[in-house]
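*Asks:* this is the structure alone, sequence omitted:
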DNA sequence: TTAAATTCCTGTAAGC
DNA sequence: TGCTTACAGGAATTTA
């Protein structure tokens, strides 16, 4: 699943390849992957536009265009953005192909189609409710333990569900939420608003460390995630709890507990996390 | 405002 | 072997 570290890996690889390039053609092979504007307008308006900056916001990729609009890519669960030559064979479920003025292509494929492409100014996309208001960037130096404490205060939902809530914190998904809770030694089913300042401070550090380790390892390839070139990340080899329900905790040896929180598989260690 | 449930979608794996 | 079924989950939407 592409979460913050996976999207960050793609954006930083994509930057030197696409920054300054102009989109010359758009081929929508599955038009409804475009959620804004109408696919016809998307395919008509994007060609001729030059990419002037690439950013990541939460799990969203933002390609800023010369005209003031932004091309937004969200990978959903199984989305892949691949950098290809025109003669390379298409992989299945390739929904959109963007040709660039250096002769290369960006291809978007997504079997489950939970991902999306958007085009417009940020104000327009927010007004159209296509871009949600996102919480702070966890790796922003200005994001402090006090900020996190304030955002969790008064909330009775399980901690894990708030870590997954993109309006509370942007970019954390199921993998890094479980990993951060383990690293912080906090049970993911604890009511979020009941955590002491000390525990929130630990959680704040744990979230950042988990994400930074993921970036350093070029992401977790537990399912379909690959980078721009189709290569897998290495972070899945470092995961302590995600996907390991019933298997022994690497730290204490006790079998890890698998529960369901908000419909999400959640794994933690009853002995190490309290 | 918050929280929980539902929906979308298909490849994969488990079970019979 | 071949079929059916359950499961994976990000985020929008709906309901309470």
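*Replies:* Okay, I see it. Please read all numbers here as calculations on a predicted model, not as lab measurements. Residues are numbered from 1 along each chain as shown, chains lettered A, B, ... in the order given.
*Asks:* against which helices or strands is the helix or strand containing residue A:96 packed?
*Replies:* Under the criterion of DSSP states H and E, residue A:96 resides in strand A:94-100. Taking 3 or more C-beta pairs under 8 Å, 6 or more residues apart in numbering; DSSP states H and E as the contact definition, the neighbouring helices and strands of strand A:94-100 are strand A:23-28, strand A:105-109. In this view, the C-beta of every residue, glycine as well, is placed from N, C-alpha and C.
*Asks:* direction included, what does the shortest one pair against?
*Replies:* Each strand paired with strand A:105-109, and its direction, by DSSP bridges: strand A:80-84 (antiparallel), strand A:94-100 (antiparallel).
*Asks:* give me the contact list for the strand holding residue A:96.
*Replies:* With C-beta atoms under 8 Å, 6 or more residues apart in numbering as the test, strand A:94-100 has contacts from A:18, A:21-30, A:33-34, A:46, A:86, A:105-110, A:113, A:117.
*Asks:* redo that, cut-off 7 Å
*Replies:* Applying C-beta atoms under 7 Å, 6 or more residues apart in numbering, the contact partners of strand A:94-100 are A:18, A:21, A:23-30, A:33, A:105-110, A:117.
*Asks:* mean neighbour count and mean pLDDT added to the helices and strands packed on strand A:94-100, as a markdown table?
*Replies:* Conversion of the helices and strands packed on strand A:94-100 to a markdown table gives the following (neighbours: other C-beta atoms under 10 Å; pLDDT from 0 to 100):
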| stretch | mean neighbour count | mean pLDDT |
| --- | --- | --- |
| strand A:23-28 | 17 | 97 |
| strand A:105-109 | 22 | 95 |
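*Asks:* between those strands, which one is closest to DNA strand C.
*Replies:* Each of the helices and strands packed on strand A:94-100 was checked against DNA strand C via C-beta to the nearest atom of the strand, and the shortest separation belongs to strand A:105-109, namely 14.7 Å.
*Asks:* and the closest one with strand A:23-28, angle?
*Replies:* Between strand A:105-109 and strand A:23-28, the angle comes out at 20 degrees (axes from the mean of the first three to the mean of the last three C-alpha atoms, to 10 degrees).
*Asks:* DNA strand C: which of the strands paired with strand A:105-109 is closest?
*Replies:* Across the strands paired with strand A:105-109, the minimum distance to DNA strand C, taken as C-beta to the nearest atom of the strand, is reached by strand A:80-84, at 14.2 Å.
*Asks:* so how far is that closest one from its chain's centroid?
*Replies:* What separates the centre of strand A:80-84 from the centre of its chain is 16 Å, taken as C-alpha atoms, centre = their mean, to the nearest Å.
*Asks:* kindly report the same for stretch A:224-233.
*Replies:* For stretch A:224-233, the distance from its own C-alpha centre to the chain's C-alpha centre is 14 Å (C-alpha atoms, centre = their mean).
*Asks:* same question for that stretch, mean pLDDT?
*Replies:* Stretch A:224-233 shows an average pLDDT of 88 in the prediction.
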